[in-house]
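Undergrad: My questions concern the predicted model and sequence given below.
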Amino acid sequence: MAHHIFDVRESATHGLVAQQLRDLADQFASGSVELSYDEWQGPITVVDPVNVVLDLKENGHQLDLTIHLSWAKQD
């Protein structure tokens, strides 16, 4: 069963979004991701292998890019 840990939605400039993705990528590269704002959640450990799916869809006048990353949970 899935357990919801974190969710954020916002509208921002592409420059700000790029910086946020770079910050996330740096955390990911270090092997630990921390995604808490108002909710408490400790760092999430990233272990190999990581499965990656990039999905780009056109929906009328909008493009949707989904990045799905998954890996085994470390106990």
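TA: Structure received.
Undergrad: the helices in this protein, which residues?
TA: 14-30 (DSSP state H).
Undergrad: In it, mark out all the strands, start to finish.
TA: 32-33, 44-45, 51-59, 62-70 (DSSP state E).
Undergrad: Now do the last one against strand 51-59, angle only.
TA: Which is strand 62-70. 170 degrees (axes from the mean of the first three to the mean of the last three C-alpha atoms, to 10 degrees).
Undergrad: Show residues contacting strand 62-70.
TA: 28, 50-58 (C-beta atoms under 8 Å, 6 or more residues apart in numbering). C-betas here are computed from N, CA, C, even on glycine.
Undergrad: Please apply the same query to the first one.
TA: Here strand 32-33 makes contact (C-beta under 8 Å, 6+ apart) with 24, 27, 43-46.
Undergrad: try it again with 10 Å
TA: Applying C-beta atoms under 10 Å, 6 or more residues apart in numbering, the contact partners of strand 32-33 are 6, 24-27, 42-46, 69.
Undergrad: Then the third one?
TA: Contacts of strand 51-59 from elsewhere in the structure, counted by C-beta under 10 Å, 6+ apart, are 63-72.
Undergrad: which of the contacts of strand 32-33 count as buried?
TA: 27, 44, 46 (16 or more other C-beta atoms under 10 Å).
Undergrad: From these, pick the one nearest Leu16.
TA: Ranked by distance to Leu16 (C-beta to C-beta), those are led by Gln27 at 16.9 Å.
Undergrad: Go through the contacts of strand 62-70 and give me the one with the most neighbours.
TA: Phe28 (15 neighbours; other C-beta atoms under 10 Å).
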